[in-house]
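> Could you look at this predicted model? Sequence included:
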Amino acid sequence: MSLLKRIQDVNKGGADKKYDAFGAVFEVSTAVESNGAVKLTGKLLNESNPKVKAGEEIVVTFRGESASKSLTNFVKGNGKKSLAAPDAAKGTFLTLEGCFFSDEMEDGKRVLSSRWLNTLASSNDTDHDNRSFIENILATAPRISFKNPAVQPGEPERITLPVNARTVTARVKTDHGTFEKEFPVTWAVQKLEALGPNDKPQVHIDTVEPSNARNVRSRQDLEEVLAEQLGRGTKALALLRVTDGEDVLTRAVYVGFKRDGDEYVPDTEKTLEDLFKNNIFKGIPNDDLFAGLVNGDVRVESIPGYRMNYAGDPTQDNNAAFKLISEVKAGRTQRYEMIFGEQANLFSKVILPGIARTDTISGFSPFNILADEPGTYLANQFSTPLVRPGAEPQPPKLPAEEAQEPAPDFASLESEFDTALKGEEEAPAGPRP
């Protein structure tokens with residue numbers, strides 16, 4: 001029986017305990033040791049989750065077998081003196097995982113029960129001044145992209161490995177053309193392990209911003225909107241969607257780039273030229289598409305997005321990119337499957353803590369992923385202010401499959417959350433760029 005089904009069984013019949021955990025970003029006011037764990041007061045900073053009220057003063061406690069790790073991680077991220085006085089770490093920013101609000105109140109404040117913490121930015125470390133987070137986005141699972149170290153017949157020259165997927169799809173050249181071919185994920189991991197010391201894989205995550213979707217009324221509209229959205233940086237993207245009120249078709253557009261002096265800049269002009277050479281949406285002639293827009297038969301929206309590179313050099317130890325690759329090599333991907341499911345093309349609402357080198361999205365590099373709201377969507381399922389397919393998020397299929405047995409108690413279920421976070425305690429609380 002899957003973990004998800006077991007959770008449903010535990011909660012069947014209106015039980016008062018619900019496993020509907022989410023992530024949060026938290027600013028510390030006070031921190032004290034309590035029963036071998038850390039106990040916090042402070043305020044929440046993220047605001048896109050309806051369960052969370054940004055700026056709300058709350059109390060945070062830690063539960064479960066790993067509660068003591070909250071104390072270890074807090075001291076590791078903020079120094080031994082961070083608990084010398086209740087306000088010694090005031091102003092520190094933490095990321096919290098596996099959270100839900102309990103029924104308790106303490107000094108008039110709601111109590112947030114959390115499972116895990118990491119330090120996003122310590123008030124005692126000036127090197128953390130560029131730490132930040134991005135929320136209110138949907139993302140697909142991170143991907144590791146690398147050159148095939150030993151191309152065999154029927155294999156692609158380059159491999160892109162989604163960290164949550166059970167299979168990998170690649171384009172393979174043959175005597176009859178180039179075709180998509182599916183490979184087992186074990187094959188891709190073996191190729192990753194075979195990379196030499198001079199081979200440098202890349203780690204990235206694709207994001208979209210549904211709340212910033214733009215309405216498109218004509219071809220000129222589309223050109224202007226895409227020029228703006230794709231001009232944000234050399235890894236900008238846009239997700240186009242067309243609907244007749246029933247079906248929703250999608251098309252992702254990634255900007256090309258060109259050299260301008262000593263810099264690379266987005267080549268929106270060439271990208272648009274290539275886009276209009278063929279039908280924008282498969283099976284829909286462009287003339288029919290734009291005629292439908294004029295007649296009001298269809299609606300088109302353009303959702304901005306960005307392909308973000310993970311922070312750090314993936315060939316060097318002690319950074320986020322290297323750590324993610326190490327997790328994949330070791331088969332520790334359960335955490336990503338819990339957030340993104342087991343299909344590469346599923347979107348999930350997340351919070352991305354990271355390093356903001358500039359005040360634009362092109363200068364942001366994530367080093368962690370927090371589940372904002374549970375559930376996954378296909379590209380044609382999630383809602384924006386303009387297009388609302390009405391699909392409910394699908395709970396990600398969790399990887400642990402067990403024999404039929406009576407539903408365990410709630411605490412037993414939650415221990416699997418700790419399994420998914422295995423290895424976090426050895427990792428630095430605040431990865432460096």
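Happy to help now that I have it.
> chain center to stretch 340-349, what's the gap?
Relative to the chain's own centre, stretch 340-349 is displaced by 9 Å; criterion: Cα atoms, centre = their mean, to the nearest Å.
> Could you do stretch 20-36 as well?
In terms of Cα atoms, centre = their mean, the centre of stretch 20-36 is set 22 Å apart from its chain centre.
> Just the CA trace of that stretch, in CSV.
The C-alpha coordinates for stretch 20-36 follow below in CSV (Å, rounded to 0.1, in the frame of the first residue of the first chain):
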residue,chain,number,x,y,z
ASP,A,20,-1.2,18.3,4.7
ALA,A,21,2.3,19.6,5.2
PHE,A,22,3.9,22.7,3.6
GLY,A,23,7.1,24.7,3.6
ALA,A,24,7.6,28.1,5.1
VAL,A,25,10.1,31.0,5.4
PHE,A,26,10.4,32.3,8.9
GLU,A,27,12.1,35.3,10.6
VAL,A,28,13.4,34.5,14.1
SER,A,29,12.5,36.7,17.1
THR,A,30,13.5,34.3,19.9
ALA,A,31,15.1,30.9,20.0
VAL,A,32,15.5,28.7,23.1
GLU,A,33,16.3,25.1,23.8
SER,A,34,13.2,23.1,24.9
ASN,A,35,13.1,19.4,25.6
GLY,A,36,16.2,18.7,23.5
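> in it, what counts as buried?
Residues of stretch 20-36 classed as buried: 21, 22, 23, 24, 25, 26, 27, 28, 29, 31 (neighbour count, 16 or more other Cβ atoms under 10 Å). (Each C-beta comes from the backbone N, C-alpha and C, glycine too.)
> Okay, domains of this structure per the record?
Annotated domains of the chain cover 19-138+408-426, 140-207+309-377, 211-307 [automatic domain parsing].
> show me where pLDDT drops low in this structure?
Low-confidence regions of the chain, defined by pLDDT under 70, span residues 1-19, 396-433.
> repeat that for 80
For the chain, the stretches flagged by pLDDT under 80 are 1-20, 395-433.
> And the helices in it?
3-11, 67-78, 185-193, 219-230, 268-275, 286-295, 320-329, 334-340, 410-420 (DSSP state H).
> what's the third one in contact with?
Outside helix 185-193, the residues that touch it by Cβ atoms under 8 Å, 6 or more residues apart in numbering are 144, 146, 148-150, 159, 161, 165-168, 201, 325, 328-329, 331.
> And the strands in the stretch 51-200 of the chain?
57-62, 93-106, 109-114, 116-121, 131-139, 143-147, 158-162, 167-174, 177-184 (DSSP state E, counting those that start in this stretch).
> out of those strands, nearest to residue 371?
Checking the strands of the stretch 51-200 of the chain against residue 371 by Cβ to Cβ gives strand 93-106 as the closest, at 7.5 Å.
> between that closest one and strand 131-139, how many degrees?
Counting by axes from the mean of the first three to the mean of the last three Cα atoms, to 10 degrees, strand 93-106 lies at 80 degrees to strand 131-139.
> Packing partners of strand 93-106?
Counting contacts by 3 or more Cβ pairs under 8 Å, 6 or more residues apart in numbering; DSSP states H and E, strand 93-106 packs against strand 22-34, strand 109-114, strand 116-121, strand 370-377.
> what angle separates the last one from strand 93-106?
It refers to strand 370-377. Interaxial angle, strand 370-377 versus strand 93-106 (the same axes, to 10 degrees): 90 degrees.
> Just the buried ones among the contacts of helix 185-193, please.
Buried members of these, scored by 16+ other Cβ under 10 Å, are 144, 146, 148, 159, 161, 165, 168, 201, 325, 328.
> what's the most distant pair in the residues you listed?
For the buried ones among the contacts of helix 185-193, the maximum inter-member distance is 17.4 Å, found between 148 and 165 (Cβ to Cβ).
> Including distance to residue 266, could the strands of the stretch 51-200 of the chain go into CSV?
Listed next are the strands of the stretch 51-200 of the chain as CSV, based on distance: least, Cβ to Cβ, whole Å:
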stretch, distance to residue 266
strand 57-62, 42
strand 93-106, 31
strand 109-114, 40
strand 116-121, 30
strand 131-139, 20
strand 143-147, 20
strand 158-162, 21
strand 167-174, 24
strand 177-184, 26
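> and those, which is most packed in?
Among these, strand 116-121 has the highest mean neighbour count (mean count of other Cβ atoms under 10 Å), at a mean of 25.
> Direction included, what does that one pair up with?
strand 93-106 (antiparallel) (DSSP bridges).
> Tell me who's in contact with residue 251.
Contacts for residue 251 (Cβ under 8 Å, 6+ apart) come out as 239, 240, 241, 280, 281, 282.
> now with 10 Å?
Residue 251 is in contact with 238-242, 275, 279-282, 284, 300, 302, 379, counting by Cβ atoms under 10 Å, 6 or more residues apart in numbering.
> Kindly report the same for residue 233.
So residue 233 contacts 255, 257, 264-266, 306-308, 358, 360-364 (Cβ under 10 Å, 6+ apart).
> among the helices and strands packed on strand 93-106, which is nearest residue 218?
With distances scored as Cβ to Cβ, the stretch of the helices and strands packed on strand 93-106 nearest to residue 218 is strand 370-377 (28.2 Å).
> and the angle for that closest one with strand 22-34?
Computed by the same axes, to 10 degrees, the angle between strand 370-377 and strand 22-34 is 150 degrees.
> For residue 84, the count of nearby residues, please.
Counted by other Cβ atoms under 10 Å, the residues lying close to residue 84 total 10.
> then stretch 106-125 to PDB, C-alphas only?
Output in PDB follows, covering the C-alpha atoms of stretch 106-125 (Å, rounded to 0.1, in the frame of the first residue of the first chain):
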ATOM      1  CA  GLU A 106       0.500  29.900  23.100                       C
ATOM      2  CA  ASP A 107       0.500  33.500  24.400                       C
ATOM      3  CA  GLY A 108      -2.200  34.300  21.900                       C
ATOM      4  CA  LYS A 109      -0.100  32.900  19.000                       C
ATOM      5  CA  ARG A 110      -0.800  30.000  16.600                       C
ATOM      6  CA  VAL A 111       1.600  27.100  17.000                       C
ATOM      7  CA  LEU A 112       3.300  25.800  13.800                       C
ATOM      8  CA  SER A 113       4.500  22.200  14.100                       C
ATOM      9  CA  SER A 114       7.500  21.700  11.800                       C
ATOM     10  CA  ARG A 115       9.600  18.700  10.900                       C
ATOM     11  CA  TRP A 116      12.900  20.200   9.700                       C
ATOM     12  CA  LEU A 117      14.800  23.500   9.500                       C
ATOM     13  CA  ASN A 118      17.700  25.000   7.600                       C
ATOM     14  CA  THR A 119      19.200  28.400   7.900                       C
ATOM     15  CA  LEU A 120      18.600  30.700   4.900                       C
ATOM     16  CA  ALA A 121      20.400  33.800   6.200                       C
ATOM     17  CA  SER A 122      21.900  34.100   9.700                       C
ATOM     18  CA  SER A 123      21.800  37.600  11.300                       C
ATOM     19  CA  ASN A 124      25.300  36.800  12.600                       C
ATOM     20  CA  ASP A 125      26.800  36.200   9.100                       C
END
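> Right, I'll call it a day here.
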